[in-house]
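[1] this one's sequence-less:
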């Protein structure tokens, strides 16, 4: 959920609306790439996060690489 909240923040939605307004119909390519990128990220990252019982990417990296410098 932390990744989704970061990816779907208000700044992202405002920037996507601005791109579509600026580029017109061709700006929808950016929106499809943005959405497709999130789906791809979720499908590739979710199994590893679930396997390590991590809720955030920094927690996963800290657990995976035995590092305490990554977490806040």
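    Received, thanks. Being a predicted model, the structure only gives us computed values, none of them experimental.
[2] so how many other residues sit close to residue 66?
    6 (other CB atoms under 10 Å). Heads up, the C-betas are built off the backbone N, CA and C, glycines and all.
[3] please read the previous query as pertaining to residue 64.
    12.
[4] need the contact list for it.
    Residue 64 makes contact with residue 52, according to CB atoms under 8 Å, 6 or more residues apart in numbering.
[5] how much space separates it from residue 16?
    For residue 64, the distance to residue 16 (CB to CB, to the nearest Å) stands at 32 Å.
[6] do the same with residue 47
    Between residue 47 and residue 16 the computed distance is 28 Å (CB to CB).
[7] please apply the same query to residue 29.
    Relative to residue 16, residue 29 is positioned 11 Å away (CB to CB).
[8] what helices and strands are in contact with the lengthiest helix in the chain?
    Taking DSSP state H as the criterion, the chain has its longest helix at helix 28-51. Here helix 28-51 touches helix 2-7, helix 10-23, helix 57-64, going by 3 or more CB pairs under 8 Å, 6 or more residues apart in numbering; DSSP states H and E.
[9] average pLDDT for it?
    Per-residue pLDDT over helix 28-51 has a mean of 84.
[10] please enumerate residues in contact with it?
    So helix 28-51 is contacted by 3, 4, 7, 8, 12, 16, 19, 20, 23, 55, 57, 60 (CB under 8 Å, 6+ apart).
[11] stretch 8-27 now?
    So stretch 8-27 is in contact with 28, 30, 31, 34, 38, going by CB under 8 Å, 6+ apart.
[12] burial measure for residue 32, as a count.
    Neighbour tally, residue 32, other CB under 10 Å: 9.
[13] follow-up on the earlier one: closest to residue 68 among the contacts of helix 28-51?
    Of all the contacts of helix 28-51, residue 68 sits closest to residue 60, with 13.7 Å by CB to CB.
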